[in-house]
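Trainee: Build me a model from this:
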Amino acid sequence: MIERLGAGRWLERWPAPARHGYALAVVLVGWVFFRSATLADAMRFLAAMAGLGSGSGIEYHPALYLNAELILILAAGIVGSTPLLPALARLRERIQAAGLGLAVEAVRVLGLGAILWGSAMLMAAGTYNPFIYFRF
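Mentor: Reported below is the predicted structural model:
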């Protein structure tokens, strides 16, 4: 709403990386309000995200949660937030224009099938996966 009231024109003058960072920050803050049960919980969570929390960081050290799956997810997120994917799409279009479109589509379908299969296996192996909207 604030962007529609005039901040959007101001943001358009920012360089693309700054606009991208702004969008990520807005989404992260928005997710806090979606996740938190009360406004007070959301404010405490945002304070902790800004480094103003009361914890020492030792109780829940990030190394406790860092495993191969999380590293893969973080790497996918980093790659997905860069301009690498649009560049790969342009490369795919050039390959298809060269007459190798069927091979590219076969690789794409096989890759998506592997991702679907792996996701289904991870969900099946999980213990308790509640649907997020049942909380509301």
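
Trainee: give me the low-pLDDT residue ranges for this protein?
Mentor: 1-5, 55-58, 127-136 (pLDDT under 70).

Trainee: tell me the domain ranges of this structure?
Mentor: Taking automatic domain parsing as the reference, the chain has its domains at 1-54, 61-136.

Trainee: Serialize those to TSV and add fields for mean neighbour count.
Mentor: Where you see a C-beta, it was placed from the backbone N, CA and C, and this is true even at glycine. Rendered in TSV, the data for the domains of the chain read as follows (neighbours: other Cβ atoms under 10 Å):
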stretch	mean neighbour count
domain 1-54	11
domain 61-136	10
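
Trainee: Which parts of this protein are helices?
Mentor: 8-12, 16-35, 39-49, 68-80, 84-95, 101-125 (DSSP state H).

Trainee: Dump these into a markdown table; add distance to residue 59 as well.
Mentor: Formatted as a markdown table, these follow (distance: least, Cβ to Cβ, whole Å):
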| stretch | distance to residue 59 |
| --- | --- |
| helix 8-12 | 38 |
| helix 16-35 | 20 |
| helix 39-49 | 12 |
| helix 68-80 | 18 |
| helix 84-95 | 36 |
| helix 101-125 | 27 |
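
Trainee: looking at those helices, which is closest to residue 62?
Mentor: Among the helices of the chain, the nearest to residue 62 by Cβ to Cβ is helix 68-80 (9.4 Å).
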